[in-house]
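for reference, the sequence and a predicted model appear below.
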Amino acid sequence: MYKFKPIDLKQNQQYFDQVINLFNKNRDLWIDDLWQPGNYTVQFIQEVLSGSPWFQVVLNDKDEFMGFVWLNNWMGKEPYYNGVQIQAMMERKFWGKETEKAFSCLLNKLFNETCLNRVQMEIDETNILACKLAERMCFKLEGIIRNATIKDGKPVNYKLFSILKGEYNNERIIS
């Protein structure tokens, strides 16, 4: 079973360094030209802390750190949120089936333990692996967000994927 634990400076602090290390290893995937020049790690830490309790580490059944998910852009009003956006970064050794299983557990939790009806992801269109993961997870491609950001001085498009509660089959969890 996969676990999702909120991270902040008061709880689950032991994972903080792993989150920062994963970010630093892959920050070229996360950073675009819209970030303020300077210390990206400090900016990322501020993002993590502002995202608590919705910034969560992902642990597998052996309590190994797999990566993190950030649930943001909540749609609706608490406690009756209708939708949320997922951002994630996983350790390379867990890419593939392991990530798919963890995301199945996350979707199951979101759709069955909250009032959510919609989960969405915006994925850089050049991130082929993430786009394929969204498709395997039965997310529907809603469209292209043109010029969603700028990276290295060039516009970057995002693909907008979503899945609705009625489309999600909680038996989809892969064992």
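Received it, and whenever you're ready, just let me know what you need. Everything numeric in this text was worked out from a predicted model, so none of it was measured. Numbers count the residues shown, from 1 in each chain.

for the worst-scoring helix or strand of the chain on mean pLDDT, name the packing helices and strands.
Every helix and strand in the chain was compared by mean pLDDT, DSSP states H and E; the lowest is helix 40-50, with a mean of 83. Judged by 3 or more C-beta pairs under 8 Å, 6 or more residues apart in numbering; DSSP states H and E, the packing partners of helix 40-50 are helix 16-30. Using the backbone N, CA and C atoms, a C-beta is placed for each residue, glycine as well.

any idea of the mean pLDDT for the helix it packs on?
The pLDDT scores in helix 16-30 average 88.

re the thing from before, CA atoms of the helix or strand immediately after the least confident helix or strand of the chain in the chain as CSV?
Next in sequence after helix 40-50, counting helices and strands by DSSP states H and E, comes strand 55-59. Once non-C-alpha atoms are left out, strand 55-59 reads as follows in CSV (Å, rounded to 0.1, in the frame of the first residue of the first chain):
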residue,chain,number,x,y,z
PHE,A,55,2.3,19.0,-0.6
GLN,A,56,2.9,15.3,0.2
VAL,A,57,5.6,12.7,0.0
VAL,A,58,4.9,9.4,-1.6
LEU,A,59,6.1,6.3,0.2
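
so how many other residues sit close to Ile20?
14 (other C-beta atoms under 10 Å).

any low-confidence regions in this structure?
9, 52, 170-175 (pLDDT under 70).

what about the helices in it?
Remark: helices assigned in the chain by DSSP state H are 16-30, 40-50, 97-113, 128-136.

can you tell me which residues contact the residue of the chain positioned farthest from its centre?
Distance to the chain centre peaks in the chain at Gly153, reaching 25.0 Å (criterion: C-alpha atoms, centre = their mean). Gly153 is in contact with Asp33, counting by C-beta atoms under 8 Å, 6 or more residues apart in numbering.
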